[in-house]
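> Next one to model:
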Amino acid sequence: MSRRRPRYTPFTRTTNPLQSQDSARAWVRAGAAASVAGVAAAAFAVPAQAAPDTECMRAGISTLKSAGLLSSVAKNGVAISDAVALGVTVRDGADISGVPDPIPFNVLLADHRAGENSLFVYPWCG
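Model prediction:
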């Protein structure tokens, strides 16, 4: 007795033969909606942070040079009392409790580049 193999019939969607086309259309619609949302988000996004205030930083370096303090501050930082003696003040609302004393040179330069977001107000920065 020979056994017959069952006949292979391809899978067909009897309820909705166009379902694969509908799925593809749904993916295209979803992709289009996502891209429109991405373009809209990019168009209305907050502008990138302003460029660092290197002019203020350069003015601070010039001030240190003219006071003869640049090499000392670059090596050892600057004491807050020395900065105050040069006319530096704490910006209103700034919390400097975490600022080390003396302030390391790289932190001092970064604060100069921060512009309106700096912790200190420097008289040589316009």
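> hey, let's count contacts and neighbours off CA atoms from now on
OK.
> The protein: strands as residue ranges?
89-90, 120-121 (DSSP state E).
> Quick one: those strands as a markdown table, columns for distance to residue 101 and mean neighbour count too.
Output for those, formatted as a markdown table (distance: least, C-alpha to C-alpha, whole Å; neighbours: other C-alpha atoms under 10 Å):
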| stretch | distance to residue 101 | mean neighbour count |
| --- | --- | --- |
| strand 89-90 | 14 | 15 |
| strand 120-121 | 14 | 20 |
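> can you put those strands in JSON lines and add mean pLDDT and distance to residue 111?
As requested, the strands of the chain are exported to JSON lines (pLDDT from 0 to 100; distance: least, C-alpha to C-alpha, whole Å):
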{"stretch": "strand 89-90", "mean pLDDT": "88", "distance to residue 111": "12"}
{"stretch": "strand 120-121", "mean pLDDT": "88", "distance to residue 111": "7"}
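> For residue 56, which of those strands is the nearest?
With distances scored as C-alpha to C-alpha, the stretch of the strands of the chain nearest to residue 56 is strand 120-121 (10.5 Å).
> Give me the helices and strands touching the closest one, please.
strand 89-90 (3 or more C-alpha pairs under 8 Å, 6 or more residues apart in numbering; DSSP states H and E).
> Sheet-wise, list the partners of the strand it packs on with their directions.
strand 120-121 (antiparallel) (DSSP bridges).
> For the partner strand, which outside residues touch it?
For strand 120-121, the external contacting residues (C-alpha atoms under 8 Å, 6 or more residues apart in numbering) are 88, 89, 90, 91, 94, 111.
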